[in-house]
Each structure stands twice: as C-alpha cells, then as structure tokens.
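**Student:** below are the sequence and a predicted model; questions follow.
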Amino acid sequence: MQNQIETFLERVEHCKSLVELNAVVAGLRDIFQVNHVVYHSVNSTGEPYALATYDQQWAEYYESEALYRVDPVVLGAFQRFHPYNWKSLDWEKKTARQFFQEAQDGGVGNQGVSVPVRGPNGEFALFSISHTCSDEAWARFLSAHMPNFLLIGHYIHASIRALEFPETVGSYVVLSPRETDALRLLGAGLNRGRAAEQLKISEHTLRVYIESARSKLNASNTTHAVAKALAQGLINI
Amino acid sequence: MLRYLYADEISDYPLLQDTMFRDRKTQFVDRLGWDLTIDRRGWEQDAYDQMNPLYAIWQLPDGSHGGSMRVLPTTGPCMINDHFCDVTGGAITSPLIWESTRFCLSPRSLEKAGRVSAAIMLAGCEIGLGFHLGHAVGVFDARIARIYRRLGWSPEILGSQGQGRKRVSVGLWEFSPQVRDRLCSAAGITAVQSRDWFAAAFHHESCGQPSSIPGQVSAQLP
C-alpha cells in the first residue's frame, strides 16, 4: 500500500495537464478501494474548480441546484484547516438531512473525510474521500491512512498550482541550508545516523529537515527528493 | 476548561476574547518587552490573528482567559516561515507540521502556572494526535523553556537569536500518546476529560445530539 501511495505521489507530481491529473487522482479510488475522491478549490480566475470522480449526473445536479449552500462538508470548510470526518459535522438541519439522502442516492456514500489545504499564498483547497461502509470500518480506515491523506491533499494542491502558475511555483522551491545539507549527505550515501552526526543535530531533527525538503520538492520519498534536488541544481554531490 | 476556537468563533466569547488579547499584551509587551502592535482596546494582535488561526485556550471558571496558544499550518503563511528563517535556517513546510506561537499565561494563572502551562501543552498534543500530525514547531522565550523542561516535553531547538529576556528560540515538539499522558498528570486533567473537551470542539456528534447520518451499511472496506 505504501509503495502504491509513493508511486501515486510521483505520478501526481509529473502530470503535465489538469486532464492527466484528473485521471491520476481518480486512480486513488483503486488504491484505497473507496467510492469517490474529490479535490476542490478556487482557480486563478476566482472560479470554483474541482477534480472529482462523482457520477456526472450527481455532479451536474449538485451544481445546478447550488447544493454547496447546504452541503455541511463545504460550509465553513474554507475557513478551517483541521481534517474532519463527515460524521462529526452538523447534519441536524432539515436541508442537510435531505442533502445527505440525495448524496446517498447519487452514490457518494455514507462516510467521508475532508482534508483542508492552506497554501503558500493563503489560498484554500479541500481534498475529500467518500465511501459506503460501517462506522467501525471507517474509523479503522481513517486511523490507518490519515497522514497519507494529509500528504495527498497537499501534493495534489501543489501540482495544480504548478500547472496553473508555473512561474511562481518554480521559484517557490528554496531549500534552507540545513535541508540542503541533509539531502546532500544522504545523496552521498550516508545513513541518517551518520548524516545527523556530521551536521551535529539529532536524527529526529534531521528527519524533520528531510520531511520539509521532501514536501517543498513535492517528492514522494527521500530518494526522490535527493534526485529532484540534484536535477534542479539545489544540491551537488 | 480547554477550549479550541478558531478566530472567527472567539467573538462568541467576548470576555474570553478580551482577556486573552489583553493578557498577550501584558506578557509579550509589558513583561518581555517585545515590539508589538497594541490596538486602542489594549489588545495585542498581529497579522496572523487575521488569518483565522486556531486558538487553544485554558478558560478559567469565571469565563476569562487563563492561558493560550495560537496554531497555524506551516503550508500556508505562518510566523516561523515569514520571520524566523534566519533562526531556523529556512522555511519548515509540511502538512504534518503545524506551528504554535504566542504561548501565553494570564497573570490570573500565576499561582497555578505549572498546571495551566501543562493544560495548554496538553491541548497542543491533543491537536497533534487528533489530527494525525507529526510535529509542532514553535517560537518561545527562555522563560517558557524552563516550563517546558519541567513538564518533560522540551522541544528540540532548531535555532536561537537575541540575548537576555529578548532571546527567542525556535523548537520542535514530537506528538505522542506518552506525552499526552504525562501532560494530563501535570495538568491534573483526566485523559477522558481532555478527550471530551477536544471532541466538544471538533465533533458535532459528541455534543449530545444523536448522530444523524442514517443507516449502517453492510459493505466493508478491504
């Protein structure tokens, strides 16, 4: 599973168009065996923008009826940044209950989770996964995968920004001296213990520099981060 | 009690809001001498308070502020990456790391400073574990560093700057259930109570309403 996720993140990062990204993101359904995945945000012209695997009929109905005005999943979501199980939202209102039933009929599923993304310019996006299963199965699924979902939401957002604003995102990758050192030493073949020793920091701190560098480079793992940093001339070995 | 409030929710608690921003002025401007902006209400607020941050707050029985901290994700604009890159050696950006700033104790909490500090850090730990994060990154001063040490949850220091009481450091805290248990004891709060406060803030269903999502469906995840 973890290999599949890393491969997925790599593919997200190499997408050359939104159409391609849409197809790659849809592949998450097979990786996690869930009903649907959705990413939505507001694009550069201020228009709502979505990548979704929902049935076309449901998607069109949602849009034509402007259901985002009653959908508890998106109401208020763009002001928040903590991930949430849809179960924890307020479904008490009549409009919300009705919406829930319609969403069930539309194949969304009775469970869902959303991960808000807050980007470098303060922009917001929301990544969601929905499914049909019991509460217990869903809770187990979430506790097994939440950190992955946080990463996936972030990577999809970064990829979309890179496609939409290639010039700004290109200059966004600035590694700190410590991050550069960490990748350089790992790239030179040192293990984490030796690299940390050489930098006179703990392995724990080293991990955080690597994680931060990986995130900035949109790399799926450490090896990939080293390769990308090399390719972009950010480090020399 | 511990409250978790986004900035756009805190005005529902006017006394809590007023005393929190005043206490921040008392701590950071009057006591530590930081050069910060005070508005005409006597509140210390900065640009990050305008980004709808999350506040973890210890609320006293009279409804006023006993202590707090401010939380923002490091993937968006945040204080550490905007202002402390020369201390950290460069931006720290990850969806699994959130920043914690403005760790503040009210003068009304001074007799119980240890317990209240532990409660605020407990709130930070609940946030980290509850949202499946790995680390918190934060700016702190030398005085607070002693409190962290006493509570057994010292950060790894990424860098420091300045001298004397103006000295500030950036540190890194790792979340773990063991730390949560330790902070519960130090704060005199049971684990169940702490979980309930967290759930009350973030889980609508645990506020007493029956869960309204209908239907147990038989399909199982693999």
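**Tutor:** Sure thing, it's come through. Since the model is a prediction, treat every value here as computed from it, not as a measurement. Numbering: from 1, shown residues only, chains lettered A, B, ... in the order given.
**Student:** and the helices in the chain?
**Tutor:** Using chain A here. A:2-14, A:18-26, A:28-32, A:56-64, A:94-105, A:135-164, A:166-172, A:177-187, A:192-199, A:203-217, A:222-231 (DSSP state H).
**Student:** that was the other one, I meant chain B.
**Tutor:** Under the criterion DSSP H, chain B contains helices at B:7-10, B:14-24, B:79-83, B:85-88, B:113-130, B:142-150, B:177-187, B:191-202.
**Student:** just the residues contacting the second one, thanks.
**Tutor:** Judged by Cβ atoms under 8 Å, 6 or more residues apart in numbering or on different chains, the contacts made with helix B:14-24 from elsewhere in the structure are B:3, B:10-11, B:41-45, B:55, B:57, B:59, B:63-65, B:67-68, B:102, B:104-107. Heads up, the C-betas are built off the backbone N, CA and C, glycines and all.
**Student:** so for that helix, what's the average pLDDT?
**Tutor:** Confidence for helix B:14-24, expressed as mean pLDDT, is 98.
**Student:** returning to what we had before: just the buried residues of the contacts of helix B:14-24.
**Tutor:** Neighbour-count burial (16 or more other Cβ atoms under 10 Å in any protein chain shown) applied to these gives B:3, B:10, B:43-45, B:55, B:57, B:59, B:64-65, B:67-68, B:102, B:104-106.
**Student:** which single one of those is nearest to B:Gly33?
**Tutor:** Distance to B:Gly33 across these (Cβ to Cβ) is lowest for B:Glu44, with 12.7 Å.
**Student:** what does the model give that closest one for pLDDT?
**Tutor:** Note on B:Glu44: pLDDT of 97.
**Student:** what of A:Gly76?
**Tutor:** 70.
**Student:** residue contacts, it?
**Tutor:** With Cβ under 8 Å, 6+ apart, A:Gly76 has no contacts at all.
**Student:** check A:Tyr39 too.
**Tutor:** In this structure, A:Tyr39 makes contact with A:25, A:50-52, A:125-128, A:153, A:156-157, A:160, judged by Cβ under 8 Å, 6+ apart.
**Student:** got it, and B:Asp12?
**Tutor:** Residues near B:Asp12 by Cβ under 8 Å, 6+ apart: B:Leu5.
**Student:** again, but for A:Val226
**Tutor:** Residues in contact with A:Val226, defined by Cβ under 8 Å, 6+ apart, are A:183, A:186-187, A:235.
**Student:** and with 7 Å instead?
**Tutor:** Contact analysis of A:Val226 by Cβ atoms under 7 Å, 6 or more residues apart in numbering or on different chains lists A:183, A:186-187.
**Student:** ditto for A:Ser212
**Tutor:** By Cβ under 7 Å, 6+ apart, the residues touching A:Ser212 are A:179, B:92-94.
**Student:** and if you look at A:Gln104?
**Tutor:** Contacts of A:Gln104 by Cβ under 7 Å, 6+ apart are A:Asn110.
**Student:** ok, now B:Ile57?
**Tutor:** Contacts for B:Ile57 (Cβ under 7 Å, 6+ apart) come out as B:3, B:5, B:16, B:20, B:65, B:68.
**Student:** over to B:Asp49?
**Tutor:** Counting by Cβ under 7 Å, 6+ apart, B:Asp49 touches B:Ala7.
**Student:** pull up the gap between it and B:Ser109, please.
**Tutor:** 21 Å (Cβ to Cβ, to the nearest Å).
**Student:** can you check B:Ser117 too?
**Tutor:** Taking Cβ to Cβ, one finds B:Ser117 at 8 Å from B:Ser109.
**Student:** anything in contact with each of the two?
**Tutor:** With Cβ under 7 Å, 6+ apart as the test, B:Ser117 and B:Ser109 both reach B:Gly67.
**Student:** find the nearest non-adjacent residue to the residue nearest to the spatial centre of chain B, please.
**Tutor:** The centroid of chain B falls nearest to B:Met69 when counting by Cα atoms, centre = their mean (3.3 Å). Once flanking residues are discounted, B:Met69 sits nearest to B:Phe103: 4.6 Å by Cβ to Cβ, 6 or more residues apart in numbering or on different chains.
**Student:** number of nearby residues for B:Arg70?
**Tutor:** Neighbour count for B:Arg70, taken as other Cβ atoms under 10 Å in any protein chain shown: 25.
**Student:** was I right about it contacting B:Ala56?
**Tutor:** No. B:Arg70 is beyond contact range of B:Ala56, at 8.1 Å (criterion: Cβ atoms under 7 Å).
**Student:** from the helices of chain B, which stretch is densest packed?
**Tutor:** Mean neighbours per residue, mean count of other Cβ atoms under 10 Å in any protein chain shown, is largest over the helices of chain B for helix B:113-130, with a mean of 23.
**Student:** assess the claim that B:Thr93 and A:Leu217 are in contact.
**Tutor:** No. Assessed by Cβ under 7 Å, B:Thr93 is found out of contact with A:Leu217, at 10.4 Å.
**Student:** what is the least confident helix or strand in the chain?
**Tutor:** Went with chain A since none was named. Every helix and strand of chain A was ranked by mean pLDDT, DSSP states H and E. The lowest is helix A:166-172, at a mean of 55.
**Student:** nope, chain B
**Tutor:** The helix or strand of chain B with the poorest confidence is helix B:142-150; it has a mean of 84 (mean pLDDT, DSSP H and E).
**Student:** the inter-axis angle of that one versus helix B:177-187?
**Tutor:** Put simply, helix B:142-150 runs at 110 degrees to helix B:177-187, going by axes from the mean of the first three to the mean of the last three Cα atoms, to 10 degrees.
**Student:** what's next to helix B:142-150, contact-wise?
**Tutor:** Contacts to helix B:142-150, defined as Cβ under 7 Å, 6+ apart, come from residues B:103, B:114, B:117, B:154-155, B:167, B:169.
**Student:** which one of the residues you listed is nearest to chain A?
**Tutor:** Among those, B:Pro155 lies closest to chain A (Cβ to the nearest Cβ), at 10.2 Å.
**Student:** how many neighbours does that closest one have?
**Tutor:** 20.
**Student:** what pairs with the closest residue to it other than its chain neighbours across the strands?
**Tutor:** In this structure, B:Pro155 finds its nearest non-sequential neighbour in B:Gly171, 2.7 Å apart by Cβ to Cβ, 6+ apart. With DSSP bridges applied, B:Gly171 shows beta-bridge pairing to B:Gly138, B:Ile157.
**Student:** who's in contact with B:Gly171?
**Tutor:** B:138, B:140, B:155-158.
**Student:** buried subset of those?
**Tutor:** Of these, these count as buried by 16+ other Cβ under 10 Å: B:138, B:140, B:155-156, B:158.
**Student:** of the residues you listed, closest to chain A?
**Tutor:** Nearest to chain A, judged by Cβ to the nearest Cβ, of the buried ones among the contacts of B:Gly171 is B:Glu156 at 5.2 Å.
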